[in-house]
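K.L.:
turn this into a model:
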Amino acid sequence: MDLPHFPLHPNAYRLNLFAAETGVCEVCEQPRDYQYTGVFYSQDEVDYICPWCVADGSAAAKYSGQFNDAMGIEGTEFGAEDADGEVKVTWTLAEADIKQVCQHTPAYSSWQQGQWLVCCGKPCAFIAYADSAMLAPIWSEIEVDVLQHGIPVAWVREHLRVDGDLAGYLFQCVDCSKHRLHLDCA
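P.N.:
Okay, the predicted model is just below:
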């Protein structure tokens, strides 16, 4: 039995977003051996979602939910509030790309609300939780992202740890292969 592949989260299984847990998926109602353990934004409490129902979007469709919040996609712009109290929101990505991130891609674990980075007009792939050693060979690619966060560059270069209060989330462009980095604090 082949597990589904997630183009925007190619390491989802290695990063333990699915637990080897036998159960019945609440979406497809099939007996499964893997349960999604990440974030799922929905009004319904859903205990068991299999990887197939994440990948094909059926979990998001059945429960009107999202694995990643569309408001956390880089480039989302919030306009002024209108007379009815509604805020105009616009995205720089195509609707199909937003759906891919939100409805077909597992969320990564973060301190705050996850942010999904963009490059070449497309959502990047989430690669790993990053530490200083992992970033050293690609520093020239991600330095601009560190500078945008306003955190001392020298500190990130020397002290970023996967299990620290300051976390690094490494992405990679699906077109040009450039790395991007999002930083988040506890």
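
K.L.:
any idea how many residues pack against T76?
P.N.:
Counted with other Cβ atoms under 10 Å, the neighbours of T76 add up to 18. Placement of C-beta: from N, CA and C, glycine included.

K.L.:
quick one: it from L17, how far?
P.N.:
Counting by Cβ to Cβ, to the nearest Å, the separation of T76 from L17 is 23 Å.

K.L.:
pull up the distance across stretch 78-89, start to finish.
P.N.:
5 Å (Cα to Cα, to the nearest Å).

K.L.:
what bits of the protein have low per-residue confidence?
P.N.:
Applying pLDDT under 70 to the chain flags residues 1.

K.L.:
please parse it into its domains.
P.N.:
1-107, 110-186 (automatic domain parsing).

K.L.:
the last one: end-to-end distance?
P.N.:
With Cα to Cα as the measure, the ends of domain 110-186 fall 9 Å from one another.

K.L.:
how far does that domain sit from its chain's centre?
P.N.:
For domain 110-186, the separation from the chain centroid amounts to 12 Å (computed by Cα atoms, centre = their mean, to the nearest Å).

K.L.:
just the helices in the chain please.
P.N.:
Under the criterion DSSP state H, the chain contains helices at 51-55, 58-62, 95-103, 132-135, 139-149, 153-159.

K.L.:
so for Q43, which of the ones you listed sits nearest?
P.N.:
helix 58-62 (12.1 Å; Cβ to Cβ).

K.L.:
residues of the closest one that come out buried?
P.N.:
58-60, 62 (16 or more other Cβ atoms under 10 Å).

K.L.:
for stretch 44-57, measure first residue to last.
P.N.:
First-to-last residue span, stretch 44-57, Cα to Cα: 16 Å.

K.L.:
also stretch 127-144?
P.N.:
End-to-end distance of stretch 127-144: 18 Å, with Cα to Cα as the criterion.

K.L.:
then stretch 32-47?
P.N.:
Stretch 32-47: ends 13 Å apart by Cα to Cα.

K.L.:
thanks a lot, catch you later.
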